[in-house]
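1. from the sequence below, what's the structure:
(2 chains)
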Amino acid sequence: GESVGLHLPTLSVQEGDNSIINCAYSNSASDYFIWYKQESGKGPQFIIDIRSNMDKRQGQRVTVLLNKTVKHLSLQIAATQPGDSAVYFCAEQTGANNLFFGTGTRLTVIP
Amino acid sequence: DTAVSQTPKYLVTQMGNDKSIKCEQNLGHDTMYWYKQDSKKFLKIMFSYNNKELIINETVPNRFSPKSPDKAHLNLHINSLELGDSAVYFCASSPAPGGYTFGSGTRLTVV
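-> You can find the predicted model right below:
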């Protein structure tokens, strides 16, 4: 089965700094990747996605990078704000199959 | 309007009881899901369901059963509740295929 893991379970950054959250996946057949943000007491919320035919995708203050050679995914958050404090999950999907989630990284923004 | 709504938000019950969690989506999505999130925040797929097919994660005990009265609803029934069933349960929906939209979760506590 798929295995999606994160290198760091926790990350603390100063407000205004950039954050990088990493994720390793094991299924080379996965063709769709999503980053989710989960705030306390809420469900996961979609942040940004990327398909396997792309290396980089940018959103508002967020960038996702995909390195298929080493099966690595990262989420970059620019100018991190206190409201970015949450648990971040990467998830992978193969075709029309179910979405499989990684372990999660807790991001804490220090004011 | 809430896109994916779950009720109740909190559920405390005794071992051995039977309980249900309701889920409704107003997004017109074809597929609905149930995920279980444990105390370590790990999200694990339990079921996926569209009007054609129910896919069950083989690790889910048969005490858990999804019931879909129509395309917009997927309820989760749990029989003979056990202490280990305590977790947060998330309903989600997606177009087929596509990113998932999650509900806000139901925190189940079995005592």
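2. which residues are in contact with the closest residue to B:L43 other than its chain neighbours?
-> Counting by C-beta to C-beta, 6 or more residues apart in numbering or on different chains, B:L43 lies nearest to A:F101, which is 4.1 Å off, once chain neighbours are set aside. Glycine gets a C-beta too; all of them are placed from N, C-alpha and C. Counting by C-beta atoms under 8 Å, 6 or more residues apart in numbering or on different chains, A:F101 touches A:4, A:36, A:89-91, B:35, B:42-44.
3. among those, which are in helices?
-> Per DSSP state H, helices hold no members of the contacts of A:F101.
4. what residue ranges in chain A score low on pLDDT?
-> Counting by pLDDT under 70, chain A has low-confidence residues at A:1-8, A:96.
5. what's around residue 47, how many residues?
-> Using chain A here. 21 (other C-beta atoms under 10 Å in any protein chain shown).
6. switch to chain B, please.
-> By the criterion of other C-beta under 10 Å, B:F47 has 21 neighbours.
7. about what we covered before: list buried residues within the contacts of A:F101.
-> Buried by 16 or more other C-beta atoms under 10 Å in any protein chain shown: A:4, A:36, A:89-91, B:35, B:43, out of the contacts of A:F101.
8. and B:D85, backbone torsions?
-> The phi/psi pair for B:D85 (degrees, to the nearest 10) reads phi -80, psi -10.
9. now do A:N18
-> Given degrees, to the nearest 10, the pair of backbone angles that A:N18 has is phi -90, psi 150.
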